[in-house]
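# The following comprises the amino acid sequence and a computationally predicted model.
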Amino acid sequence: MEWNPETLNFLSQCFLNTLSPLPEPRRRAEAALAEAADRPNYGLAVLRLVAEPTVDAQISQSAAVNFKNHLKTRWSPQPNDPVQFIVPDPEKEQIKSLIVTLMVNSSPKIQAQLSEALTIIGKHDFPKAWQTLLPEVVATLDKLSQANDYVSVNGVLAMVNSLFKKFRYQFNTNEMLLDLKYCLDNFAKPLLEVFKRTAGFIDQLQASGNANMNALKGYIESQRLCCRIFYSLNFMDLPEFFEDHMDEWMIEFNKYLTVNYSSLEDSGKDGLALVDELRAAVCENISLYMEKDEEAFQKYLSGFVEAVWGLLVVVSNSSSRERLTVTAIKFLTTVSTSVHHTLFARDDILQQISQSVVIPNVMLRDEDEELFEMNYVEFIRRDMEGSDLDTRRRIACELLKGIATNYKQKVTEKVSAQLQSLLTSFAENPSANWKHKDCAIYLVVSLATKKAGGSSVSTDLVDIESFFGSVIVPELRNQDVDGFPMLKAGALKFFTVFRNQISKPVALALLPDVVRFLGSESNVVHSYAANCIEKLLLVKDEGGRARYLAADVNPFLLALMTNLFSALHKPESEENQYVMKCIMRVLGVANVSREVALPCINGLATVLNRVCENPKNPVFNHYMFESVAVLIRRACEQDPTLISAFETSLLPCLQMILARDVSEFFPYAFQLLAQFVDLNRSPLPGNYMDIFAILLLPESWKKSGNVPALVRLLQAFLKKASHELNQQGRLSNVLGIFNTLVSSPSTDEQGFYVLNTVIENLGFDVISPYVSHIWVALFKRLQNNRTVKFVKSLVIHMSLFLVKHGPQNLASSINTVQPDVFRTILEQFWIPNLKLITGSMELKLTSVASTRLICESLSPSDSMIWGKMLDSIVTLLSRPEEERVEEDPEIPDFGETIGYNASFVRLYNAGRKEEDPLQEINDPKQFLAASLANLSARSPGVLPQIINENLEQANQAALFQLCSSYNLRIV
């Protein structure tokens with residue numbers, strides 16, 4: 001695309017029309033621009049349009065946005081669209097030569113877009129492919145700051161900040177360190193110069209008493225950006241330049257924490273927020289230096305602790321200054337766990353911290369109540385799921401924990417006194433001072449310490465049983481489930497957190513009360529009640545035994561399930577994942593009678609029908625399908641007469657999922673169908689055979705995310721409809737599916753599942769016409785794309801074939817592919833890889849098959865191959881897995897799954913029961929010893945010589961030890 005008046009007019013008209021309220025001109029303009037974007041020099045032409053002074057501001061703004069978005073997708077190849085047009089290199093160079101100057105000279109709105117565009121280029125090209133950028137930026141910054149043009153200065157700094165952020169988040173590689181060194185060499189000094197120059201401007205403005213608020217805003221924002229760049233450049237390690245100039249930085253940092261910029265701070269929320277953002281950035285910088293180099297930072301420490309402390313006393317009472325509060329407390333927490341912890345040792349300081357910082361920040365505020373009522377999901381995410389580490393409530397408790405690492409007894413005494421004071425205050429006037437009780441509960445929960453490797457927590461602040469009985473139980477016993485909901489939520493959270501310490505009789509006595517809270521109108525309260533029940537049912541006593549059993553739940557099971565399903569009808573809880581997870585857990589523990597099972601399956605079918613309209617909460621949906629699966633498994637296995645009722649409720653839902661192409665639910669639907677097929681008796685009803693016909697169509701297998709679930713369903717059909725399999729070409733279709741799956745490394749395991757199910761369920765007379773084709777497919781894959789996983793699966797398959805159809809059929813069918821190829825397979829694949837087999841069932845199968853092979857098929861006269869096979873069997877049976885199996889070095893081929901969205905999620909309760917093909921053999925080691933003893937008795941003296949010549953010394957000793965343990969001998 002050439003730059004000329006026609007191009008200018010064409011682009012101007014297009015961008016103007018993209019702003020049109022009429023859909024037709026807007027669509028035509030967007031289509032024309034999309035077509036033009038595939039031509040060389042399009043991006044350059046749009047950038048020149050942005051620079052054109054005669055063009056209307058709206059058009060320029062629209063063009064700047066388009067330019068930025070064009071670079072996002074066209075500057076470098078996109079993994080999901082590798083053939084898309086990419087900006088040619090000559091055009092890239094011209095864009096890079098123009099963009100910095102143009103950005104600086106643009107209006108603020110366009111500057112913001114071009115700054116983002118520049119960052120996009122920089123992420124790909126800087127610094128190696130854009131060596132001119134930093135020198136140009138340095139020169140521009142110097143010129144702009146001297147000219148006092150801080151709108152443009154901040155545009156440039158914002159871009160540099162975006163570029164340098166990579167030093168905070170990316171891995172510390174040699175390449176990254178070289179990039180950092182380049183940036184430090186070229187930008188550390190200019191950054192300090194701009195920072196000091198701006199500091200001078202701020203001091204002049206403060207000294208003159210000139211209330212030029214706009215100028216001060218620009219300066220403060222500039223210093224904030226300098227602080228963020230400082231953080232990026234120092235994140236990996238403290239560079240020498242910054243250590244040499246620490247005084248200059250630290251003096252200014254301290255000033256920003258202690259000086260009041262009244263013209264901004266008193267002008268309203270925006271001005272105060274701007275200054276607080278600078279102070280928060282300073283707190284992050286000094287925390288970083290405290291972590292990286294305490295010794296170098298030591299001389300500034302007491303000054304900063306004093307400054308931060310003074311700031312905290314002021315800001316802790318203000319709800320609008322949370323970010324500054326959090327970063328300030330984080331700094332003090334870092335100091336409290338360092339060698340300088342003695343700064344917090346005095347009783348009066350601990351008292352002040354407790355009273356002036358911790359309690360004000362833990363106490364509920366209006367915005368907490370608003371979040372509780374208006375956005376329960378976010379409230380729970382912060383409060384119960386631990387994502388609140390950057391909130392003032394949690395970070396205040398972290399400060400106490402930090403101090404307690406060195407002064408545990410003192411902290412315990414101070415906080416215990418505060419707890420007593422808070423609870424006394426509540427007792428004096430419960431309705432007015434309920435927040436004091438909430439604060440006390442929150443402190444106990446947040447300061448509890450979790451025991452390593454478990455869910456159990458402990459606390460030294462209170463006696464848990466006593467606190468639970470006097471403080472928590474009255475809230476749980478309260479009959480008004482909607483009164484003081486935040487206090488009720490806190491009590492339920494305490495019960496949940498300390499569930500291991502609450503004795504079983506006490507907990508069971510309170511469970512009906514927790515069930516009542518499922519009826520609360522508060523989304524948080526009924527979510528916490530559901531979570532409490534769900535977590536209680538997971539509690540284990542010593543030895544891993546479940547503390548709560550079906551007999552404990554059954555007395556109030558009907559009320560519990562009724563309340564859980566009722567909670568799903570409450571506003572905003574229609575897809576409440578905590579309630580659904582509780583349904584799943586209860587159904588997994590309780591004895592589900594017919595009276596409970598039928599309302600539950602109908603309730604779940606109703607929910608399933610509703611979410612099919614618009615699936616939007618994957619966690620809720622997973623627990624819903626898991627609930628259906630566990631109900632099918634436990635209720636129908638206990639009472640088979642329920643199967644038809646369950647099918648009546650669920651099959652229409654599953655058919656609707658398939659008919660409406662609700663692709664997110666396909667894997668779930670196939671797994672539930674597999675459960676129903678497993679539960680039915682042969683011959684299967686006609687509606688299932690219709691599903692079987694669809695299952696055998698190649699189109700059904702095109703989405704790789706569906707494959708594991710389809711295989712699970714196919715396995716169920718192969719087992720239940722084995723007689724029908726050899727009709728209407730079904731077996732050919734099944735083996736065609738196997739062939740497709742086994743040819744790819746991403747699905748070969750699934751292919752073996754299909755093949756092994758065929759081998760398990762069909763006689764040799766049925767499969768014999770197809771066997772040579774099966775071996776050809778497997779050996780072709782073995783030849784073209786061999787992996788360790790594939791070879792192990794092949795050994796397992798051949799072992800299964802042998803135990804089902806005999807060693808003679810195995811060897812002769814393989815040799816029809818090529819004469820004597822079975823021997824090659826044994827030598828090159830079976831024997832060397834046998835020791836890599838893992839899994840108890842697989843180990844038993846392969847060792848027994850290999851034993852039968854040497855004792856029934858291979859002749860001891862072929863001593864080397866016989867001996868090597870025995871050596872591998874002994875290795876497999878005598879050595880622990882970690883000794884014989886190396887970590888699999890294979891890297892999955894991600895390229896094969898690109899472009900596929902739906903992913904398979906296995907339903908735990910819909911899994912296929914693993915069946916042992918060798919139920920008659922209990923001990924594979926005894927089977928080996930007995931088989932060898934019998935064989936040697938027929939030809940005395942032959943086997944000891946072969947063993948001596950071919951087995952490793954350690955394996956010889958292991959074999960004779962094995963035989964003697966069963967009182968058997970090889971003669």
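Perfect, I can see it now.
# secondary structure element for the residue most central in space within the chain?
Geometric centre of the chain, nearest residue: residue 619, 12.0 Å, by C-alpha atoms, centre = their mean. Using DSSP states H and E, residue 619 falls within helix 618-631.
# Return the set of buried residues in that helix.
620, 621, 622, 623, 624, 625, 626, 627, 628, 629, 630, 631 (16 or more other C-beta atoms under 10 Å). Just so you know, the C-beta spots here come from the backbone N, C-alpha and C atoms, and that holds for glycine as well.
# Which neighbouring elements make contact with it?
For helix 618-631, the elements it packs on are helix 577-589, helix 594-613, helix 666-679, judged by 3 or more C-beta pairs under 8 Å, 6 or more residues apart in numbering; DSSP states H and E.
# next one: stretch 261-269 to chain centre, how far?
42 Å (C-alpha atoms, centre = their mean, to the nearest Å).
# er, stretch 564-582 I mean
Distance, centroid of stretch 564-582 to centroid of chain: 23 Å (C-alpha atoms, centre = their mean).
# shaky segments in this structure?
Counting by pLDDT under 70, the chain has low-confidence residues at 79-83, 211, 386-389, 452-455, 886-904.
# Strands along that one, start to end?
Along the chain, the segments classed as strands by DSSP state E run 449-450, 457-458.
# Pick the most deeply packed of those strands.
Among these, strand 457-458 has the highest mean neighbour count (mean count of other C-beta atoms under 10 Å), at a mean of 14.
# Once you drop chain neighbours, what's closest to residue 281?
Excluding the flanking residues, the one nearest residue 281 by C-beta to C-beta, 6 or more residues apart in numbering is residue 227, at 3.7 Å.
# actually residue 297, not the one I wrote
residue 289 (4.6 Å).
# can you count the residues close to that neighbour?
Residues within reach of residue 289, counting by other C-beta atoms under 10 Å, total 24.
# longest helix in the chain, by residue count?
Counting by DSSP state H, the longest helix found in the chain is helix 392-428.
# what comes up buried for it?
Buried residues in helix 392-428 (16+ other C-beta under 10 Å): 392-404, 406-407, 410-412, 414-415, 418-419, 422-423, 425-426.
# That helix - contacts with which helices or strands?
Contacts defined by 3+ C-beta pairs under 8 Å, 6+ apart place helix 392-428 against helix 322-336, helix 347-352, helix 359-362, helix 434-446.
# Now the second one: buried residues?
Residues residue 350 are the ones in helix 347-352 that count as buried (16+ other C-beta under 10 Å).
# Could I get the CA-only coordinates of that helix as PDB?
Output of helix 347-352 as PDB, limited to C-alpha atoms (Å, rounded to 0.1, in the frame of the first residue of the first chain):
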ATOM      1  CA  ASP A 347       6.000  -4.200  74.700                       C
ATOM      2  CA  ASP A 348       4.700  -0.700  73.900                       C
ATOM      3  CA  ILE A 349       5.500  -1.100  70.200                       C
ATOM      4  CA  LEU A 350       3.700  -4.500  70.100                       C
ATOM      5  CA  GLN A 351       0.700  -2.900  71.900                       C
ATOM      6  CA  GLN A 352       0.700   0.000  69.300                       C
END
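# Show me how far it is from its chain's centre.
On C-alpha atoms, centre = their mean, the centre of helix 347-352 falls 41 Å from the chain's centre.
# same for that helix, what does it pack against?
If you count contacts as 3+ C-beta pairs under 8 Å, 6+ apart, helix 347-352 packs onto helix 392-428.
# burial of residue 23, as a residue count?
Neighbour number of residue 23 under other C-beta under 10 Å is 8.
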